[in-house]
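Enquirer: Sequence first, predicted coordinates after that:
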Amino acid sequence: MDLRRLDKQIQHGRLDLHLAGDVYQFGHGQPQARWIIPERRTLVRIARDPEWELGETYLDGRWDAGPGGPLHLLQVLMANFPTSGRREHGRFLKPLRRLAQQWNRVRRSYRNVARHYDLDEWLFRQFLDRDLQYSCAYFFTPDASLEEAQRAKCHHLMTKLRLDPGQRVLDIGSGWGGLALFLAEHGDVEVTGLTLSREQLRVAQDRARRRGLETRVRFLLEDYREHSGRYERVVSVGMFEHVGVPYHRRFFKRITELLEPDGVAVVHTIGRSGPSGSTNPWIRRHIFPGGYIPALSELSRSIEPSALRLCDVEVLRLHYALTLEAWLERFETHRAEVAERLGERFCRMWEFYLAACAASFRWRDLVVFQVQLSQQLSAVPLTRDYLYRPAEQSATHALRRVHP
């Protein structure tokens, strides 16, 4: 990433580079960003391995961004460098490396989840919506508030599940319990939520007690491979990314075993609109160990050996970019408090994570898949009309009351 390459590459937006006391300008228009690098050797480091060093040098305080912070800078870089600069040496090494990184046995899955989700509840309350939804929201309009969009996501999933009162629902990867509580309250169903995080379990159980739902909603510290039971509905939101490539087929086989023959399952996961790839090394090391984002082809290959039939696939484009941008804005509002409590290095790690993911959903190939599954073709309506009736939009606007 020398200066001549920046001058040639940056055609979309503008970058003002402040490098070792000198100022250079590349490109023009929007988005605009400022990149402040006191030492030239930092740029050399980044050029050698941008996927790792861009985040690592920011974490070490070796560069800063101007107005808009790292988000605007990463948007400019990703808009003009659409593919990774990291090279895989040998076409056979890439899949082997990916498999080694994703060998998430049960015990390792617990450890991976604890690294991220067992952080203090206080941190997540600084940037999530009031319902603690830590997954992609559903923006029925781009200017919806984060609270409205997260409630709309829950309602959208509930509609896809086709709930009947009294049904048993399994929520695999239930987080802080928001979706499970929503389904119990608005779908009149009984919900079992599975999490691998002790902190999430504590918060979710407390929320169920405070809302008088402890007899209709239970939360368990269990892996999907450890759980037994039968359910009319199964839902999983933001968890499949942690399953690991070697266990993709086993995940859908397990859903088949847990789901009644005429039941419906919905899996909501980050995905790639392009071919399969590998996890960014910086994200894997600092944020989501064991994580992997599947391509649609990988999802399909994993579902096909099971008895499940693919009923519907919806691709949510830019919804996660809007969600992450809202999270980052809220995080920056509380940045001084987070720095005082957790340290400056943690703050830089967290804001780079949120900014990099937001820019990736806006400029790279990341999307969200919502996959609807059943063993019976007649389990869901023939058309999608039921999802978009005017009554549903009215109901979505009515569901703005948020519980603690």
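Expert: Arrived safely, thanks for sending.

Enquirer: For the helix or strand containing Trp282, what is the distance to the chain centroid?
Expert: Per DSSP states H and E: Trp282 is located in helix 281-286. Relative to its chain's centre, helix 281-286 lies at 15 Å (CA atoms, centre = their mean, to the nearest Å).

Enquirer: Kindly report the same for stretch 310-324.
Expert: Counting by CA atoms, centre = their mean, stretch 310-324 comes out at 11 Å from the chain centroid.

Enquirer: Just the buried residues of that stretch, please?
Expert: By 16 or more other CB atoms under 10 Å, the buried positions in stretch 310-324 come out as Cys311, Leu316, His319, Tyr320, Ala321, Leu322, Thr323, Leu324. C-beta coordinates here come from the backbone N, C-alpha and C atoms, glycine included.

Enquirer: which ones are touching the fifth one?
Expert: Residues counted as contacts of Ala321 (CB atoms under 8 Å, 6 or more residues apart in numbering) are Ala358, Phe361, Arg362.

Enquirer: and the second one, backbone torsions?
Expert: Spelled out, it's Phe361. phi -70, psi -20 (degrees, to the nearest 10).

Enquirer: count of neighbours near it?
Expert: By other CB atoms under 10 Å, the residues close to Phe361 number 25.

Enquirer: Now it. Nearest residue, chain neighbours left out?
Expert: Counting by CB to CB, 6 or more residues apart in numbering, Ala321 is the residue found nearest to Phe361 once chain neighbours are left out, at 3.9 Å.

Enquirer: One more: the last one?
Expert: If you skip the residues right next to it in sequence, Arg362 has Ala321 as its closest partner in space, 4.2 Å away by CB to CB, 6+ apart.

Enquirer: got it, and Glu199?
Expert: Of all residues not flanking Glu199 in the chain, Asp118 sits nearest, at 4.6 Å (CB to CB, 6+ apart).

Enquirer: Give me the pLDDT value at the one you found.
Expert: Confidence at Asp118, expressed as pLDDT, is 75.

Enquirer: Kindly report the same for Arg233.
Expert: In the predicted model, Arg233 carries a pLDDT score of 98.

Enquirer: Secondary structure element holding the spatially most central residue of the chain?
Expert: Geometric centre of the chain, nearest residue: Ser135, 5.1 Å, by CA atoms, centre = their mean. Using DSSP H and E, Ser135 falls within no helix or strand.

Enquirer: Contact partners for it?
Expert: Applying CB under 8 Å, 6+ apart, the residues contacting Ser135 are Lys153, Gly175, Val237, Gly238, His268.

Enquirer: In strands only, show me the residues you listed.
Expert: Val237, His268 (DSSP state E).

Enquirer: quick one: which of the contacts of Ser135 is nearest to Gly55?
Expert: Closest approach to Gly55 among the contacts of Ser135 (CB to CB): Gly238, at 21.6 Å.

Enquirer: any weak-confidence spans in the protein?
Expert: The model of the chain has pLDDT under 70 over residues 1, 83-105, 107-108, 112, 390-404.

Enquirer: isn't His186 right next to Leu157, touching?
Expert: No: at 11.0 Å, His186 and Leu157 do not qualify as touching, with contact defined as CB atoms under 8 Å.

Enquirer: if we can go back for a sec, top of the contacts of Ser135 by number of neighbours, please.
Expert: Lys153 (28 neighbours).

Enquirer: where's the nearest residue to that one once chain neighbours are set aside relative to Arg115, distance?
Expert: Nearest residue to Lys153, sequence neighbours excluded (CB to CB, 6+ apart): Tyr138, at 3.9 Å. Distance, Tyr138 to Arg115, using CB to CB, to the nearest Å: 28 Å.

Enquirer: So between those two, which is more surrounded?
Expert: The residue with more neighbours, out of Tyr138 and Arg115, is Tyr138; 23 against 14, by other CB under 10 Å.

Enquirer: residues touching the closest residue to Leu179 other than its chain neighbours, list them.
Expert: Once flanking residues are discounted, Leu179 sits nearest to Cys154: 5.5 Å by CB to CB, 6+ apart. Neighbouring residues of Cys154 by CB under 8 Å, 6+ apart: Gln133, Gly178, Leu179, Phe182, Leu183, Leu399.

Enquirer: Can you turn the buried subset of the residues you listed into a selection I can paste into ChimeraX?
Expert: Restricted to buried positions by 16+ other CB under 10 Å, the ChimeraX selection for the contacts of Cys154 reads:
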select :133,178,179,182,183,399
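
Enquirer: Where helices are concerned, which of the contacts of Cys154 count?
Expert: Gly178, Leu179, Phe182, Leu183 (DSSP state H).

Enquirer: Could you pull out the strands in the stretch 51-200 of the chain for me?
Expert: Along the stretch 51-200 of the chain, counting by DSSP state E, counting those that start in this stretch, strands occupy 64-65, 168-172, 190-195.

Enquirer: on that earlier part again, check the buried residues of stretch 310-324 and tell me the two furthest apart.
Expert: Cys311 and Leu324 (28.7 Å).

Enquirer: that older thread, name the nearest of the contacts of Ala321 relative to Leu342.
Expert: Ala358 (20.7 Å).

Enquirer: So for the helix or strand where that closest one lies, what gets flagged as buried?
Expert: Following DSSP H and E, one finds Ala358 within helix 344-363. Within helix 344-363, the residues that count as buried by 16+ other CB under 10 Å are 347-363.

Enquirer: Please enumerate residues in contact with that helix?
Expert: Identification of contacts with helix 344-363 by CB under 8 Å, 6+ apart yields 55, 58-59, 61, 69-71, 74-75, 77-79, 82, 127, 280, 282-283, 286-287, 318, 320-321, 324-325, 327-328, 331-332, 335, 338-339, 366-367.

Enquirer: sorry, back to before: need the ones in helices among the contacts of Cys154 in a markdown table with distance to Phe252, can you?
Expert: Converted to a markdown table, these look like this (distance: CB to CB, whole Å):
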| residue | distance to Phe252 |
| --- | --- |
| Gly178 | 24 |
| Leu179 | 20 |
| Phe182 | 25 |
| Leu183 | 21 |
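
Enquirer: burial measure for Gln11, as a count.
Expert: Look at Gln11: counted by other CB under 10 Å, it has 11 neighbours.

Enquirer: And for Arg301?
Expert: By other CB under 10 Å, 14 other residues sit near Arg301.

Enquirer: Tell me how far it lies from Ile255.
Expert: 15 Å.
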